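Enquirer: compute the structure for the input listed below.
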Amino acid sequence: MELTGTIIERFETQHISDKFAKREIVLEVQDGEYTQTIPIEFINKSADKLDGFPVGSYVTIQINLRGRKWTNKDGVDKYFLSCQGWKIDNGGGGQSQQRSPSSSSGSRGRSGVPPADMGGDEDDIPF
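Expert: Predicted structure coming up:
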């Protein structure tokens with residue numbers, strides 16, 4: 001899968017253990033008339049790939065979605081989803097481009113379908 005958008009946050013690498021590190025960014029992606037803010041984590045050696053891409057960079061990221069099931073102490077199953085990046089490139093066909101988050105041109109492969117009307121004010125978060 002591929003996402004194209006503007007980096008609006010970039011965090012420092014977290015060293016969880018001697019063998020595991022991760023670094024997260026937040027990518028702003030245009031999805032039709034709606035803007036999506038998507039956290040993407042880069043694991044271990046992939047974390048170093050973010051060094052050349054500061055906040056404001058317009059990038060294309062190859063991602064994998066990873067899901068996990070966890071059962072809590074009460075026996076209730078919980079499900080988690082993470083978005084892991086494994087490759088990052090300039091989003092403008094090899095040219096270094098920086099755009100403001102509001103001017104990013106969107107992502108490929110998105111349906112452009114708006115989220116279902118949750119009823120209520122436009123400013124309400126639907127969850």
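Enquirer: any weak-confidence spans in the chain?
Expert: Residues of the chain meeting the criterion pLDDT under 70: 92-127.
Enquirer: tell me where it has strands.
Expert: 2-10, 14-17, 20-31, 34-43, 58-71, 77-90 (DSSP state E).
Enquirer: now do the fourth one: which elements does it pack against?
Expert: If I follow you right, that is strand 34-43. Contacts defined by 3 or more C-beta pairs under 8 Å, 6 or more residues apart in numbering; DSSP states H and E place strand 34-43 against strand 2-10, strand 20-31, strand 77-90. (Each C-beta comes from the backbone N, C-alpha and C, glycine too.)
Enquirer: re earlier: can you add distance to residue 52 and give the strands of the chain back as a markdown table?
Expert: Formatted as a markdown table, the strands of the chain follow (distance: least, C-beta to C-beta, whole Å):
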| stretch | distance to residue 52 |
| --- | --- |
| strand 2-10 | 11 |
| strand 14-17 | 19 |
| strand 20-31 | 12 |
| strand 34-43 | 13 |
| strand 58-71 | 10 |
| strand 77-90 | 9 |
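Enquirer: okay if I get those strands as TSV plus mean neighbour count?
Expert: Shown next, in TSV, are these (neighbours: other C-beta atoms under 10 Å):
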stretch	mean neighbour count
strand 2-10	20
strand 14-17	10
strand 20-31	19
strand 34-43	16
strand 58-71	14
strand 77-90	14
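Enquirer: still on that earlier bit, with distance to residue 38 added, can I get the helices and strands packed on strand 34-43 in JSON lines?
Expert: Converted to JSON lines, the helices and strands packed on strand 34-43 look like this (distance: least, C-beta to C-beta, whole Å):
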{"stretch": "strand 2-10", "distance to residue 38": "7"}
{"stretch": "strand 20-31", "distance to residue 38": "5"}
{"stretch": "strand 77-90", "distance to residue 38": "6"}
